[in-house]
Structures are given as C-alpha cells and as structure tokens.
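Chemist: heads up, no residue letters with this:
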C-alpha cells in the first residue's frame, strides 16, 4: 500500500512540475518614478500613465493601487492667504468637500515633513479610499494620493506610509 502511495505521489509530482514548465515568474522590485518635481519609489508593478487632469504631473497605477501627484505654484496662492503647508492642506480639503478630515503629520526618510489625511470617493460604481498627502517645495505645493478599493485600504495603509517616506519634491 505504501509503495502504491509513493508511486502516486511521485507521478503527481512529475505532472505538477511538468505543468509549471510554462509558468513565468515576475520579480517585483522597487522602482523610482519621477515627474514634475516629484520623485517616489514604488514597485515595478506600477505603470506610468499619461496625466489627464488639470495640474496632474504624475499618474501611476497597478492592479491594486494608484498614485497621482499635482503641483501648484505658491505665488498665486498668497493672494488667497495660503502661505503655509497647513493652510494649503486645509484649502485642498475644503475644495474637495473633505474639510472634516483629520490632518495628520508625517516625515519622509530624509526628514521632510508632510501632512496627510484620509478620504473616500465613489467612482465606477465602487468606493475608493485615499491617503491624501501635501508637501511643500521651494516654489510649489504638491498634492498626492495613494488609493485603492475601500475594503483593501486598511491592509494597504502601512505600505502607503512606507512609499510616502520615499517621496522627494523640488
């Protein structure tokens, strides 16, 4: 009985290995994307897409995640009394009807301070959740989003924070 079982396992293993012959394995590696004064390190799972919105400078998607970035010169905002990163973040949230979102503070691996908040939006009959980030550059404010389906957001949040730590702005 043992001999028959051993032979069946051996035959099954051979067929399993033969079936794997045509499989392609993709190695996922870190990959740095740059555009419009923003640099972020994500993974090779992401594809760069053509920005398609006003002031959008970078748009990256994968099967599970999205990242986009927008830039806004500081000079014209002074007339609206937007001079600090805090004022800019509040203005972004108000403009997006998300003024009730809690503003949190983060820091990149290079010690650059940024602000972030969470919000949800509906699109294509699905609900997505985002981590909204704002950064301050020398002459520009930057707004960025990491996002995914709402039901996956909590599981992805630590990864979004790790990716946020890699962001650099001009």
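Modeler: That came in fine, so what should we check first? Nothing here was measured: the structure is a model prediction, and the numbers come from that model.
Chemist: tell me the secondary structure of residue 166, please.
Modeler: Using DSSP: H, G, I helix; E, B strand; the rest coil, the structure places residue 166 in coil.
Chemist: not counting sequence-adjacent ones, nearest residue to it?
Modeler: Closest residue to residue 166 apart from its sequence neighbours, by C-beta to C-beta, 6 or more residues apart in numbering: residue 41 at 3.9 Å. To be clear about C-beta, it is placed using only N, CA and C from the backbone, and glycine gets the same treatment.
Chemist: contact partners of the host helix or strand of that neighbour?
Modeler: Using DSSP states H and E, residue 41 sits within strand 38-43. Residues outside strand 38-43 that contact it (C-beta atoms under 8 Å, 6 or more residues apart in numbering) are 28-33, 57-58, 60, 62, 65, 67, 69, 71, 142, 144, 163, 166-170.
Chemist: ok, back up a step: now do the same for the residue nearest to residue 166: its pLDDT.
Modeler: In the predicted model, residue 41 carries a pLDDT score of 98.
Chemist: how about residue 34?
Modeler: pLDDT, residue 34: 98.
Chemist: again with the one 10 residues further on
Modeler: If you check residue 44, the pLDDT there is 97.
Chemist: I'd assumed residue 60 was in contact with it.
Modeler: No: here residue 44 lies out of contact with residue 60, judged by C-beta atoms under 8 Å, at a distance of 11.3 Å.
Chemist: coming back round to it: if the residue nearest to residue 166 is in a bridge, with which residues?
Modeler: Taking DSSP bridges, one obtains residue 32 as the residues bridged to residue 41.
Chemist: can you get me a residue count around it?
Modeler: Neighbourhood size, residue 41 [other C-beta atoms under 10 Å]: 15.
Chemist: for residue 153, same thing?
Modeler: With other C-beta under 10 Å as criterion, residue 153 counts 19.
Chemist: for it, give me phi and psi.
Modeler: Per-residue torsions, residue 153: phi -60, psi -50 (degrees, to the nearest 10).
Chemist: picking up where we left off before, looking at residue 44 and residue 60, which one has more neighbours?
Modeler: A count of neighbours by other C-beta under 10 Å puts residue 60 above the other of residue 44 and residue 60, at 20 against 12.
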